[in-house]
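Asks: any chance you can model this:
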Amino acid sequence: MRKTLKNAGLIAAGLAAGMFITLQFSASAKTSVAASLPSDQLQLLAEVFNQIKHEYVEPVNDKELLTAAIKGMVSSLDPHSSYLDKIDYQELQEQTQGRFAGLGIEILQEDGFIKVISPIEDTPAFHAGIRPGDLIMRVNDKPVRGMTLDRVVRSMRGVPDTKVTLTIYRKSDERTFPVTISRAVITVKSVKAKIVQPNYAWVRITSFQERTVPDLATQLTDIARQQPGLKGLILDLRNNGGGLLQSAIGVAGAFLPLNSVVVSTNGQINEAKKIYRDTFSNYRLSTFSDNPLKNLNSIYKTVPMVVLVNAYSASASEIVSGALQDQHRALIMGEITFGKGSVQTVRPITENTALRLTTAYYYTPNGRSIQNKGISPDIPVDRFIEGDSNHSLVTREIDYSNHLANTQDPNEKAEQEKREKNRLDQLRHLEEQNSRDISEQCEQERNRPLIEFGSSNDFMLQQAIHQLKGEPVQVSKTLSKNRLSGSEHILH
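Replies: Below is the predicted model:
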């Protein structure tokens with residue numbers, strides 16, 4: 001079973017890590033449900049609890065045992081619902097503020113291993129050379145095999161400037177080695193921008209935080225001042241696992257006509273049945289009282305745009321890219337996105353605990369559910385110039401054992417089986433290929449420079465610039481072949 005967590009000690013990958021969160025910190029109404037509780041099951045729970053208390057090999061803490069039972073009940077629903085204890089709740093709030101203590105690694109737990117999705121840019125882990133795909137085998141002297149993801153995360157957290165040693169297995173080098181990293185208070189800058197060529201700008205959003213919309217407005221204003229003849233804009237949402245709904249609406253609103261539909265939601269309660277337009281009331285947060293977009297240069301409503309996405313673009317990233325795609329405002333370039341099409345609402349239970357519960361599906365302006373499917377790019381492009389043979393091996397929403405179904409797709413189960421077959425075939429192919437020329441492949445991986453988003457060795461970015469300038473684009477051969485053969489959904 002695969003499990004992910006995105007929290008403050010590290011940021012664990014939002015893909016399932018990329019959690020798309022609507023924060024509601026007002027107290028929820030107290031409703032009496034005693035009459036509807038199943039008495040037989042409650043009696044069974046009490047009997048199991050009593051048995052553990054009296055017969056387990058060593059004493060157990062009542063509170064910890066009951067908290068574990070609550071967490072298990074909630075997490076069984078889907079990959080994104082969870083009970084937040086005091087530490088989890090505090091970390092979630094820090095995460096949305098973009099400031100937390102840790103190493104700066106996006107991770108997930110897959111089949112008992114801890115896998116690095118990506119080091120967060122400009123963090124200790126990033127500067128230490130941690131790479132996407134690295135497996136964390138030990139934290140200090142303790143093996144992570146058998147640990148829960150929560151426990152691994154917390155073992156990496158600690159006081160700033162103290163050190164933690166990670167034992168890394170890197171498949172491309174076929175070696176295991178230690179990396180010692182100093183913990184730090186990490187402030188994640190969610191918006192970065194620069195002029196990549198005269199009259200062409202690149203804006204990267206790493207996550208959707210409380211300050212994302214005001215920071216985006218500041219960056220766009222600077223670009224318009226530096227480049228009054230702006231001819232093209234690239235919005236980079238790669239490796240962006242999501243964040244706040246309000247921030248996603250505001251980001252889309254920076255480029256769409258006022259009052260455009262950005263996303264709609266539908267769930268069991270009336271509160272979950274909404275249509276969100278790009279009006280200030282829908283993206284306003286307590287961190288800013290004035291509309292940061294009100295004086296934005298009108299060029300951003302019409303300038304040609306390309307949105308870059310990859311398999312780790314999830315949730316709020318998919319809302320923005322789906323809205324800009326459906327409204328014909330931008331071309332989407334890159335890989336099929338993660339496919340997280342559900343909304344999580346966070347409701348306080350006590351002063352220090354909360355319930356994060358999946359309460360709705362979300363839909364693009366044209367009514368598409370992205371759940372388990374993701375956003376398919378208008379122009380499929382690989383990460384590297386030589387292609388990306390491992391594309392179908394990336395874990396997506398549909399690969400989680402307890403993922404929610406896509407209610408619009410009656411053939412989803414068959415598509416999932418096709419995807420799994422395709423994954424196994426690809427693994428066999430790679431094993432055969434590795435047995436023939438593994439030395440050559442390892443040498444190629446060692447000599448391949450790490451992708452620095454926004455740099456001259458960023459292949460996807462260069463293709464986006466070509467597209468905006470009307471120059472030839474190197475389209476992905478793998479993704480284009482699957483698209484033409486009608487097996488596109490296998491890659492979702």
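
Asks: mean confidence score for stretch 39-46?
Replies: Average pLDDT, stretch 39-46: 88.

Asks: sorry, slip of the keys, the one I care about is stretch 94-108.
Replies: 78.

Asks: what bits of this protein have low per-residue confidence?
Replies: Scanning the chain for pLDDT under 70 picks out 1-36, 110-112, 389-393, 412-450, 478-492.

Asks: how is it divided into domains?
Replies: 3-30+41-185, 191-343+354-443+463-491 (automatic domain parsing).

Asks: what segments of the chain are helices?
Replies: 39-55, 62-75, 86-97, 124-127, 149-156, 212-226, 245-253, 280-283, 316-326, 412-447, 459-468, 477-484 (DSSP state H).

Asks: which stretch among the ones you listed comes nearest Val116?
Replies: Closest approach to Val116 among the helices of the chain (C-beta to C-beta): helix 124-127, 8.2 Å. Every C-beta, even on glycine, is put in place using the N, C-alpha and C of the backbone.

Asks: that closest one - contacts with which helices or strands?
Replies: strand 175-182 (3 or more C-beta pairs under 8 Å, 6 or more residues apart in numbering; DSSP states H and E).

Asks: who does the strand it packs on pair up with?
Replies: strand 163-170 (antiparallel) (DSSP bridges).

Asks: how much space between the residue of the chain most remote from its centre and Val48?
Replies: For the chain, the residue at maximal distance from the C-alpha centroid (C-alpha atoms, centre = their mean) is His54, at 42.7 Å. Distance from His54 to Val48, counting by C-beta to C-beta, to the nearest Å: 11 Å.

Asks: next: Val191.
Replies: 49 Å.

Asks: just want the angle from the longest strand seen in the chain to helix 245-253.
Replies: When the chain is parsed with DSSP state E, its longest strand is strand 354-363. Angle, strand 354-363 to helix 245-253, by axes from the mean of the first three to the mean of the last three C-alpha atoms, to 10 degrees: 30 degrees.

Asks: counting contacts, what elements does strand 354-363 pack onto?
Replies: Using 3+ C-beta pairs under 8 Å, 6+ apart, strand 354-363 sits against strand 20-23, strand 82-84, helix 86-97, strand 261-267, strand 342-348.

Asks: of these, which is nearest His403?
Replies: Comparing those by C-beta to C-beta, strand 342-348 comes nearest, at 9.1 Å.

Asks: mind listing what's buried along the closest one?
Replies: Of all the residues in strand 342-348, those buried under the rule 16 or more other C-beta atoms under 10 Å are 342-348.

Asks: which one of those residues is nearest Ile168?
Replies: Looking across the buried residues of strand 342-348 and measuring by C-beta to C-beta, the closest to Ile168 is Gln344, at 31.2 Å.

Asks: how much space separates the residue nearest the centre of the chain from Ser376?
Replies: Residue closest to the average C-alpha location in the chain (C-alpha atoms, centre = their mean): Gly241, at 1.8 Å. Distance of Gly241 to Ser376, given as C-beta to C-beta: 19 Å.

Asks: again with Val306
Replies: 15 Å.

Asks: more crowded one of the two?
Replies: The neighbour count for Val306 versus Ser376, taken as other C-beta atoms under 10 Å, is higher for Val306 (29 against 19).

Asks: could you give the bridge partners of the more buried one?
Replies: Those that pair with Val306 in a beta bridge, by DSSP bridges, are Ile234, Leu331.
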